[in-house]
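Visitor: could you work out the structure for the sequence below:
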Amino acid sequence: MAPIFEDAVHSLKGRPFVTDIRNYGLAAGISLGHYPGEPARRPFELGLKCFEKGFYIRWGGDTIQLAPPFIVNTDQINGLINAVGESLDELS
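Guide: This next block holds a predicted model:
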């Protein structure tokens, strides 16, 4: 599932505020451009929007962290990445 997750995560490139995407296996970090002087605000707002869509994501500083369970399937990965992408668009 790691290659599917990698492709899905990197499909977020070019979305609003995404400045860097990196992953290793089923773990990914996505850095977001921040509000001046408030590096944790945008990831927090994104986390709340994803939670409203049924997904809990971790955040810290200017980064969100994604790590689905090892038993994840393609539909679940797509659901997660779609929720993150939609939430990023809503922050604009």
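
Visitor: show the backbone phi and psi for the closest residue to residue 83 other than its chain neighbours.
Guide: Excluding its sequence neighbours, the residue lying closest to residue 83 (C-beta to C-beta, 6 or more residues apart in numbering) is residue 53, at 4.3 Å. For every residue, glycine as well, the C-beta is placed using N, CA and C. Dihedral pair for residue 53: phi -90, psi 0, per degrees, to the nearest 10.

Visitor: and the gap between residue 53 and residue 21?
Guide: 20 Å (C-beta to C-beta, to the nearest Å).

Visitor: so for the two, which residue has more residues nearby?
Guide: residue 21 (17 against 14; other C-beta atoms under 10 Å).

Visitor: distance-wise, check that one relative to residue 6.
Guide: For residue 21, the distance to residue 6 - C-beta to C-beta - is 10 Å.

Visitor: any residues in contact with both of the two?
Guide: Common neighbours of residue 21 and residue 6 (criterion: C-beta atoms under 8 Å, 6 or more residues apart in numbering): residue 28.

Visitor: tell me the strands beside the helix or strand bottoming out on mean pLDDT in the chain, with direction?
Guide: When the helices and strands of the chain are scored by mean pLDDT, DSSP states H and E, strand 58-60 comes last with a mean of 93. The pairing partners recorded for strand 58-60 under DSSP bridges are strand 63-66 (antiparallel).

Visitor: determine how far the strand it pairs with lies from the middle of the whole chain.
Guide: Computed by C-alpha atoms, centre = their mean, to the nearest Å, the separation of strand 63-66 from the middle of its chain amounts to 6 Å.

Visitor: name the helices or strands packed onto the following helix or strand past it?
Guide: Going down the chain from strand 63-66, the next helix or strand is helix 74-91, by DSSP states H and E. Helices and strands touching helix 74-91, as assessed by 3 or more C-beta pairs under 8 Å, 6 or more residues apart in numbering; DSSP states H and E, comprise helix 2-10, helix 41-52, strand 63-66.

Visitor: which among those is found nearest to residue 84?
Guide: helix 41-52 (6.1 Å; C-beta to C-beta).

Visitor: that older thread, now the least confident helix or strand of the chain: buried residues?
Guide: residue 59 (16 or more other C-beta atoms under 10 Å).
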